[in-house]
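> structure for the following, please:
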Amino acid sequence: MAAGESRAEEIGVPCNIAVVDAGAHLVAHIRMDGSQLGSITHAIDKAFTSCAYRRSTEALGRDGQPAAPLYGVANSHQGRVVIFAGGIPLVHASRVAGAVGVSGGTIGEDRSVAEAAFAAF
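Numbering: from 1, shown residues only. This is a model prediction of the structure:
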């Protein structure tokens with residue numbers, strides 16, 4: 001989370017950063033000063049989605065488009081599934097150990113912050 005927060009500060013975008021464990025349960029969350037309140041749920045749900053589907057939310061978004069194999073996936077899990085960038089699974093020894101989710105900026109900014117947190121894992 002510290003690496004993600006550092007990247008968010010570097011690009012000047014206050015974010016919410018969430019981490020879930022292998023069971024997709026929230027284990028950590030930070031809301032940076034000035035970040036959007038609506039981004040709290042998005043960050044947590046991006047982490048949940050990435051862990052539950054064992055892929056980035058961005059990749060799931062590609063597979064969730066009309067005529068794609070997972071079209072409609074965004075309507076599952078009582079609306080918790082997020083299909084845009086910012087969620088990345090944390091993989092260790094070929095197993096998903098959890099995931100990080102970031103929300104607060106543009107799609108590219110969220111991706112950048114999540115990638116920084118992932119790289120520190």
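> flag the shaky bits of the chain, pLDDT-wise.
Judged by pLDDT under 70, the chain has no weakly predicted residues.
> scan it for its longest strand.
Assignment by DSSP state E gives strand 95-103 as the longest strand of the chain.
> what residues sit buried inside that one?
96, 98, 99, 100, 101, 102, 103 (16 or more other Cβ atoms under 10 Å). For every residue, glycine as well, the C-beta is placed using N, CA and C.
> beta partners for the fourth one?
It stands for residue 100. Per DSSP bridges, the residues bridged to residue 100 are residue 19, residue 88.
> got CSV for the buried residues of strand 95-103, with distance to residue 3 too?
Shown next, in CSV, are these (distance: Cβ to Cβ, whole Å):
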residue, distance to residue 3
96, 19
98, 15
99, 15
100, 10
101, 14
102, 11
103, 17
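> for the longest strand of the chain, name the packing helices and strands.
Here strand 95-103 touches helix 2-11, strand 16-21, helix 38-53, strand 87-92, helix 107-120, going by 3 or more Cβ pairs under 8 Å, 6 or more residues apart in numbering; DSSP states H and E.
> now with 7 Å?
Helices and strands touching strand 95-103, by 3 or more Cβ pairs under 7 Å, 6 or more residues apart in numbering; DSSP states H and E, are strand 16-21, helix 38-53, strand 87-92, helix 107-120.
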